[in-house]
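[1] Here is my input, please return the structure:
(one chain, ligands or ions: 1)
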Amino acid sequence: MMDSLDTFRLYVNDGLSDEEIAAQAARYQPLAQDLRDLIVLSIQSRGGDDDILAARKHLSDAKSILERDRETGPYGTRFNDSGTFRTWGNAAIGLRNPIAPPLDLQFEDDGRVWADFHLHAGYEGPAGFAHGGVSALVLDQLLGDTARHAGAPGMTGTLTVKYRQPTPLGDLRCEALLDRIEGAKAFAMGTISGPDGVCVEAEGVFIAPKWMREQREHTGVQGVQ
Ligand SMILES: CCCCCCCCCCCC(=O)SCCNC(=O)CCNC(=O)[C@H](O)C(C)(C)COP(=O)(O)OP(=O)(O)OC[C@H]1O[C@@H](n2cnc3c(N)ncnc32)[C@H](O)[C@@H]1OP(=O)(O)O
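    The predicted structure is shown next:
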(Lines give C-alpha, C1' and ligand atoms only; values in the text may rest on other atoms or scores of the structure.)
Protein backbone atom coordinates (compact mmCIF):
# COMPACT_ATOMS: atom_id res chain seq x y z
CA MET A 1 0.00 0.00 0.00
CA MET A 2 1.26 3.50 -0.83
CA ASP A 3 1.70 5.84 2.13
CA SER A 4 1.85 9.62 1.99
CA LEU A 5 5.63 9.49 1.48
CA ASP A 6 5.18 7.39 -1.68
CA THR A 7 2.52 9.82 -2.81
CA PHE A 8 4.88 12.78 -2.42
CA ARG A 9 7.55 11.00 -4.49
CA LEU A 10 5.07 11.14 -7.37
CA TYR A 11 4.71 14.92 -7.04
CA VAL A 12 7.87 16.15 -8.70
CA ASN A 13 9.14 19.57 -9.65
CA ASP A 14 11.24 18.50 -12.63
CA GLY A 15 12.43 22.01 -13.38
CA LEU A 16 11.46 22.01 -17.06
CA SER A 17 10.86 25.34 -18.75
CA ASP A 18 7.46 26.05 -20.26
CA GLU A 19 9.13 25.80 -23.70
CA GLU A 20 10.47 22.32 -22.92
CA ILE A 21 7.04 21.26 -21.68
CA ALA A 22 5.45 22.56 -24.89
CA ALA A 23 8.04 20.66 -26.94
CA GLN A 24 7.32 17.45 -25.00
CA ALA A 25 3.57 17.92 -25.49
CA ALA A 26 4.07 18.37 -29.23
CA ARG A 27 6.23 15.21 -29.32
CA TYR A 28 4.17 12.82 -27.21
CA GLN A 29 0.55 13.87 -27.77
CA PRO A 30 0.48 12.63 -31.40
CA LEU A 31 1.86 9.27 -30.22
CA ALA A 32 -1.04 8.91 -27.78
CA GLN A 33 -3.47 9.80 -30.58
CA ASP A 34 -1.89 7.20 -32.89
CA LEU A 35 -2.33 4.59 -30.16
CA ARG A 36 -5.94 5.71 -29.62
CA ASP A 37 -6.54 5.16 -33.34
CA LEU A 38 -4.95 1.71 -33.00
CA ILE A 39 -7.36 0.82 -30.16
CA VAL A 40 -10.26 1.47 -32.53
CA LEU A 41 -8.53 -0.39 -35.36
CA SER A 42 -7.97 -3.37 -33.08
CA ILE A 43 -11.75 -3.62 -32.84
CA GLN A 44 -12.69 -2.62 -36.38
CA SER A 45 -9.98 -4.04 -38.69
CA ARG A 46 -11.13 -6.71 -41.12
CA GLY A 47 -7.50 -7.60 -41.91
CA GLY A 48 -6.71 -11.21 -42.68
CA ASP A 49 -3.86 -13.26 -41.20
CA ASP A 50 -1.20 -11.69 -43.43
CA ASP A 51 -2.26 -8.10 -42.78
CA ILE A 52 -2.54 -8.63 -39.05
CA LEU A 53 0.85 -10.35 -38.86
CA ALA A 54 2.43 -7.54 -40.90
CA ALA A 55 0.81 -4.88 -38.69
CA ARG A 56 1.98 -6.68 -35.55
CA LYS A 57 5.55 -6.75 -36.89
CA HIS A 58 5.44 -2.96 -37.29
CA LEU A 59 4.02 -2.59 -33.81
CA SER A 60 6.73 -4.85 -32.42
CA ASP A 61 9.34 -2.64 -34.09
CA ALA A 62 7.66 0.43 -32.62
CA LYS A 63 7.73 -1.14 -29.15
CA SER A 64 11.47 -1.83 -29.51
CA ILE A 65 12.11 1.80 -30.45
CA LEU A 66 10.01 3.17 -27.60
CA GLU A 67 11.68 0.85 -25.08
CA ARG A 68 15.17 2.17 -25.92
CA ASP A 69 14.85 5.08 -23.52
CA ARG A 70 12.05 4.86 -21.04
CA GLU A 71 10.93 5.44 -17.47
CA THR A 72 9.24 2.88 -15.26
CA GLY A 73 6.23 3.28 -13.00
CA PRO A 74 3.40 5.77 -13.07
CA TYR A 75 3.85 9.30 -14.40
CA GLY A 76 2.57 11.03 -11.25
CA THR A 77 2.12 14.78 -11.13
CA ARG A 78 4.96 16.91 -12.42
CA PHE A 79 5.25 20.65 -12.21
CA ASN A 80 7.70 23.48 -12.68
CA ASP A 81 8.50 26.77 -11.02
CA SER A 82 6.02 28.69 -13.14
CA GLY A 83 3.23 26.45 -11.83
CA THR A 84 2.54 24.40 -14.95
CA PHE A 85 1.17 21.05 -13.76
CA ARG A 86 1.24 17.86 -15.81
CA THR A 87 -0.82 14.76 -15.05
CA TRP A 88 0.00 13.22 -18.42
CA GLY A 89 -0.57 9.62 -17.32
CA ASN A 90 -4.07 10.30 -15.95
CA ALA A 91 -6.69 7.82 -17.24
CA ALA A 92 -9.24 10.55 -18.00
CA ILE A 93 -7.23 13.63 -18.98
CA GLY A 94 -3.65 12.40 -19.51
CA LEU A 95 -2.02 13.95 -22.58
CA ARG A 96 0.23 10.89 -22.98
CA ASN A 97 -2.42 8.32 -22.13
CA PRO A 98 -4.24 6.73 -25.11
CA ILE A 99 -6.81 5.23 -22.73
CA ALA A 100 -7.96 8.76 -21.85
CA PRO A 101 -10.74 10.03 -24.19
CA PRO A 102 -9.07 12.60 -23.32
CA LEU A 103 -11.14 15.21 -21.50
CA ASP A 104 -10.01 18.74 -22.32
CA LEU A 105 -11.59 20.38 -19.29
CA GLN A 106 -12.61 24.04 -19.52
CA PHE A 107 -12.57 26.02 -16.28
CA GLU A 108 -14.98 28.96 -16.15
CA ASP A 109 -14.62 31.94 -13.81
CA ASP A 110 -18.00 31.17 -12.26
CA GLY A 111 -16.70 27.75 -11.11
CA ARG A 112 -18.37 25.73 -13.84
CA VAL A 113 -16.18 23.03 -15.43
CA TRP A 114 -17.09 21.37 -18.69
CA ALA A 115 -15.74 19.51 -21.71
CA ASP A 116 -16.91 18.36 -25.09
CA PHE A 117 -15.46 14.91 -25.60
CA HIS A 118 -15.72 11.84 -27.80
CA LEU A 119 -16.14 8.23 -26.75
CA HIS A 120 -14.95 5.92 -29.51
CA ALA A 121 -15.85 2.27 -30.07
CA GLY A 122 -13.30 1.18 -27.48
CA TYR A 123 -15.53 2.52 -24.68
CA GLU A 124 -18.47 0.25 -25.48
CA GLY A 125 -20.45 -1.45 -22.74
CA PRO A 126 -23.99 -2.36 -23.84
CA ALA A 127 -24.09 -2.70 -27.64
CA GLY A 128 -23.57 0.75 -29.13
CA PHE A 129 -23.54 2.53 -25.80
CA ALA A 130 -20.86 3.72 -23.40
CA HIS A 131 -19.72 1.44 -20.61
CA GLY A 132 -21.12 2.66 -17.29
CA GLY A 133 -17.67 2.49 -15.72
CA VAL A 134 -16.34 4.83 -18.38
CA SER A 135 -19.09 7.36 -17.59
CA ALA A 136 -18.11 7.08 -13.92
CA LEU A 137 -14.46 7.66 -14.87
CA VAL A 138 -15.38 10.83 -16.74
CA LEU A 139 -17.58 12.11 -13.93
CA ASP A 140 -15.05 11.27 -11.21
CA GLN A 141 -12.39 13.34 -12.95
CA LEU A 142 -14.79 16.15 -13.85
CA LEU A 143 -16.20 16.51 -10.34
CA GLY A 144 -12.77 16.08 -8.73
CA ASP A 145 -11.35 18.83 -10.90
CA THR A 146 -14.37 21.01 -10.11
CA ALA A 147 -13.51 20.69 -6.41
CA ARG A 148 -9.86 21.42 -7.16
CA HIS A 149 -10.82 24.45 -9.29
CA ALA A 150 -12.79 25.74 -6.28
CA GLY A 151 -9.62 25.50 -4.15
CA ALA A 152 -10.59 22.25 -2.41
CA PRO A 153 -8.61 19.43 -4.04
CA GLY A 154 -9.29 15.98 -2.66
CA MET A 155 -9.51 12.28 -3.22
CA THR A 156 -12.89 10.85 -4.16
CA GLY A 157 -14.57 9.67 -0.97
CA THR A 158 -17.95 8.86 -2.45
CA LEU A 159 -19.18 9.08 -6.03
CA THR A 160 -22.89 8.48 -6.61
CA VAL A 161 -23.82 7.87 -10.24
CA LYS A 162 -27.34 7.77 -11.65
CA TYR A 163 -27.75 6.42 -15.20
CA ARG A 164 -30.89 8.07 -16.57
CA GLN A 165 -30.73 6.82 -20.16
CA PRO A 166 -28.13 4.89 -22.16
CA THR A 167 -25.15 7.04 -23.14
CA PRO A 168 -24.49 6.80 -26.86
CA LEU A 169 -20.93 6.47 -28.09
CA GLY A 170 -19.72 9.50 -30.03
CA ASP A 171 -19.76 13.20 -29.20
CA LEU A 172 -20.81 14.07 -25.66
CA ARG A 173 -20.63 16.93 -23.18
CA CYS A 174 -19.92 16.81 -19.47
CA GLU A 175 -20.38 19.69 -17.05
CA ALA A 176 -20.17 20.18 -13.31
CA LEU A 177 -20.50 22.67 -10.48
CA LEU A 178 -19.30 22.85 -6.92
CA ASP A 179 -22.19 22.54 -4.48
CA ARG A 180 -20.45 23.34 -1.19
CA ILE A 181 -17.34 22.91 0.94
CA GLU A 182 -17.61 21.60 4.50
CA GLY A 183 -14.25 21.40 6.25
CA ALA A 184 -12.11 18.83 4.46
CA LYS A 185 -14.97 17.84 2.16
CA ALA A 186 -16.02 19.37 -1.15
CA PHE A 187 -19.33 18.39 -2.73
CA ALA A 188 -19.71 18.61 -6.51
CA MET A 189 -22.36 17.53 -8.99
CA GLY A 190 -22.38 17.06 -12.72
CA THR A 191 -23.79 15.40 -15.80
CA ILE A 192 -22.93 13.76 -19.10
CA SER A 193 -25.25 14.71 -21.95
CA GLY A 194 -25.74 13.32 -25.44
CA PRO A 195 -27.92 14.40 -28.37
CA ASP A 196 -31.08 13.44 -26.42
CA GLY A 197 -30.20 15.23 -23.21
CA VAL A 198 -28.78 14.18 -19.87
CA CYS A 199 -27.71 10.53 -19.77
CA VAL A 200 -25.79 10.34 -16.48
CA GLU A 201 -25.85 12.41 -13.29
CA ALA A 202 -23.35 12.24 -10.46
CA GLU A 203 -22.67 13.67 -7.05
CA GLY A 204 -19.27 13.38 -5.46
CA VAL A 205 -17.60 14.05 -2.12
CA PHE A 206 -13.91 14.94 -2.46
CA ILE A 207 -11.87 14.82 0.71
CA ALA A 208 -8.52 16.44 1.41
CA PRO A 209 -6.72 13.47 2.98
CA LYS A 210 -5.00 13.74 6.33
CA TRP A 211 -1.53 14.08 4.78
CA MET A 212 -2.72 17.03 2.69
CA ARG A 213 -4.34 18.69 5.68
CA GLU A 214 -1.10 18.26 7.64
CA GLN A 215 0.92 19.62 4.69
CA ARG A 216 -1.33 22.69 4.64
CA GLU A 217 -0.86 23.22 8.36
CA HIS A 218 2.93 22.92 8.13
CA THR A 219 3.64 24.74 4.89
CA GLY A 220 0.64 26.93 4.26
CA VAL A 221 0.60 25.48 0.73
CA GLN A 222 -2.93 24.70 -0.41
CA GLY A 223 -2.07 21.28 -1.79
CA VAL A 224 -1.30 19.29 -4.85
CA GLN A 225 -3.04 18.97 -8.19
C1 LIG B 1 -5.21 14.37 -3.54
C2 LIG B 1 -5.63 15.45 -4.45
C3 LIG B 1 -5.92 15.03 -5.81
C4 LIG B 1 -6.56 16.13 -6.71
C5 LIG B 1 -7.03 15.51 -7.96
C6 LIG B 1 -8.07 16.30 -8.70
C7 LIG B 1 -8.91 15.48 -9.61
C8 LIG B 1 -8.85 14.03 -9.36
C9 LIG B 1 -10.07 13.30 -9.82
C10 LIG B 1 -9.92 11.83 -9.65
C11 LIG B 1 -10.03 11.48 -8.20
C12 LIG B 1 -9.83 10.05 -7.92
O13 LIG B 1 -10.02 9.20 -8.71
S14 LIG B 1 -9.30 9.66 -6.37
C15 LIG B 1 -9.17 7.91 -6.38
C16 LIG B 1 -10.35 7.22 -5.76
N17 LIG B 1 -10.43 7.51 -4.33
C18 LIG B 1 -9.63 6.93 -3.46
O19 LIG B 1 -8.81 6.04 -3.75
C20 LIG B 1 -9.75 7.38 -2.03
C21 LIG B 1 -9.42 6.31 -1.02
N22 LIG B 1 -9.79 6.76 0.34
C23 LIG B 1 -8.97 7.57 1.02
O24 LIG B 1 -7.83 7.88 0.60
C25 LIG B 1 -9.46 8.06 2.34
O26 LIG B 1 -10.43 7.18 2.86
C27 LIG B 1 -10.09 9.49 2.22
C28 LIG B 1 -9.02 10.49 1.70
C29 LIG B 1 -11.28 9.52 1.28
C30 LIG B 1 -10.53 9.91 3.60
O31 LIG B 1 -9.52 9.62 4.52
P32 LIG B 1 -9.15 10.57 5.74
O33 LIG B 1 -8.49 11.81 5.28
O34 LIG B 1 -8.39 9.73 6.70
O35 LIG B 1 -10.58 10.92 6.27
P36 LIG B 1 -11.09 11.15 7.73
O37 LIG B 1 -10.13 12.06 8.46
O38 LIG B 1 -11.46 9.87 8.38
O39 LIG B 1 -12.45 11.93 7.42
C40 LIG B 1 -12.50 13.27 6.96
C41 LIG B 1 -13.97 13.62 6.72
O42 LIG B 1 -14.41 12.91 5.53
C43 LIG B 1 -15.50 12.00 5.85
N44 LIG B 1 -15.28 10.79 5.07
C45 LIG B 1 -14.28 9.91 5.19
N46 LIG B 1 -14.34 8.98 4.23
C47 LIG B 1 -15.42 9.28 3.46
C48 LIG B 1 -15.99 8.70 2.31
N49 LIG B 1 -15.47 7.61 1.74
N50 LIG B 1 -17.08 9.29 1.76
C51 LIG B 1 -17.62 10.41 2.33
N52 LIG B 1 -17.09 11.02 3.44
C53 LIG B 1 -16.03 10.45 4.01
C54 LIG B 1 -15.39 11.76 7.36
O55 LIG B 1 -16.64 11.45 7.91
C56 LIG B 1 -14.91 13.15 7.82
O57 LIG B 1 -16.00 14.03 7.83
P58 LIG B 1 -16.14 15.18 8.97
O59 LIG B 1 -16.02 14.49 10.28
O60 LIG B 1 -14.96 16.11 8.70
O61 LIG B 1 -17.47 15.80 8.68
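[2] C-alpha from now on. contacts and neighbour counts both.
    Noted.
[3] For the residue lying closest to residue 97 once chain neighbours are set aside, give me its contacts.
    In space, residue 97 comes closest to residue 89 once its chain neighbours are excluded; the distance is 5.3 Å by CA to CA, 6 or more residues apart in numbering. Contacts for residue 89 (CA atoms under 8 Å, 6 or more residues apart in numbering) come out as 74, 75, 76, 95, 96, 97.
[4] which one of those is nearest the ligand?
    Closest to the ligand out of the contacts of residue 89 is residue 76 (10.9 Å), distances taken as CA to the nearest ligand atom.
[5] Assess the claim that that closest one and residue 11 are in contact.
    Yes. Assessed by CA atoms under 8 Å, residue 76 is found in contact with residue 11 at 6.1 Å.
[6] still on that earlier bit, and the contacts of residue 89, which are buried?
    Buried members of the contacts of residue 89, scored by 16 or more other CA atoms under 10 Å, are 75, 76, 95, 96, 97.
[7] Point to the residue nearest the middle of the protein.
    Nearest to the geometric centre of the chain sits residue 92, at 2.1 Å (CA atoms, centre = their mean).
[8] wait, that one sits on residue 138?
    Yes. In this structure, residue 92 is within contact of residue 138 by CA under 8 Å, at 6.3 Å.
[9] For residue 171, identify the helix or strand it belongs to.
    strand 170-182 (DSSP states H and E).
[10] pLDDT value on the residue in the chain sticking out farthest from the centre, please?
    The outermost residue of the chain relative to its centre, with distances by CA atoms, centre = their mean, is residue 50 at 36.1 Å. Residue 50 carries a pLDDT score of 98 in this model.
[11] helix/strand/coil for it?
    helix (DSSP: H, G, I helix; E, B strand; the rest coil).
[12] anything in the helix or strand harbouring residue 199 sitting right up against the ligand?
    Taking DSSP H and E as the definition, one finds residue 199 inside strand 197-207. Yes. Applying CA under 6 Å from any ligand atom, one finds strand 197-207 in contact with the ligand at 205, 207.
[13] List the buried residues of the top helix by length along the chain.
    Looking across the chain with DSSP state H, the single longest helix is helix 18-44. Residues of helix 18-44 classed as buried: 21, 29, 32, 33, 36, 39 (neighbour count, 16+ other CA under 10 Å).
[14] Look up how far the ligand lies from the fourth one.
    Spelled out, it's residue 33. From residue 33 across to the ligand, the span is 22 Å (CA to the nearest ligand atom, to the nearest Å).
[15] try the first one
    Going from residue 21 to the ligand by CA to the nearest ligand atom gives 20 Å.
[16] avg pLDDT for stretch 155-166?
    Stretch 155-166 comes out at a mean pLDDT of 98.
[17] excluding its backbone neighbours, what's nearest the residue nearest to the centre of the chain?
    Nearest to residue 92 is residue 100, by CA to CA, 6+ apart, at 4.4 Å.
[18] at contact distance from the ligand, anything in stretch 143-158?
    Yes. Stretch 143-158 lies within reach of the ligand by CA under 6 Å from any ligand atom, at 144, 145, 148, 153, 154, 155, 156, 157, 158.
[19] I'd like the distance from stretch 123-132 to the chain centre, please.
    19 Å (CA atoms, centre = their mean, to the nearest Å).
[20] Now do it: distance from first to last residue.
    9 Å (CA to CA, to the nearest Å).
[21] Close to the ligand: what parts of this structure are there?
    Close to the ligand, as judged by CA under 6 Å from any ligand atom, the chain has residues 140-141, 144-145, 148, 153-158, 183-184, 205, 207-210, 224-225.
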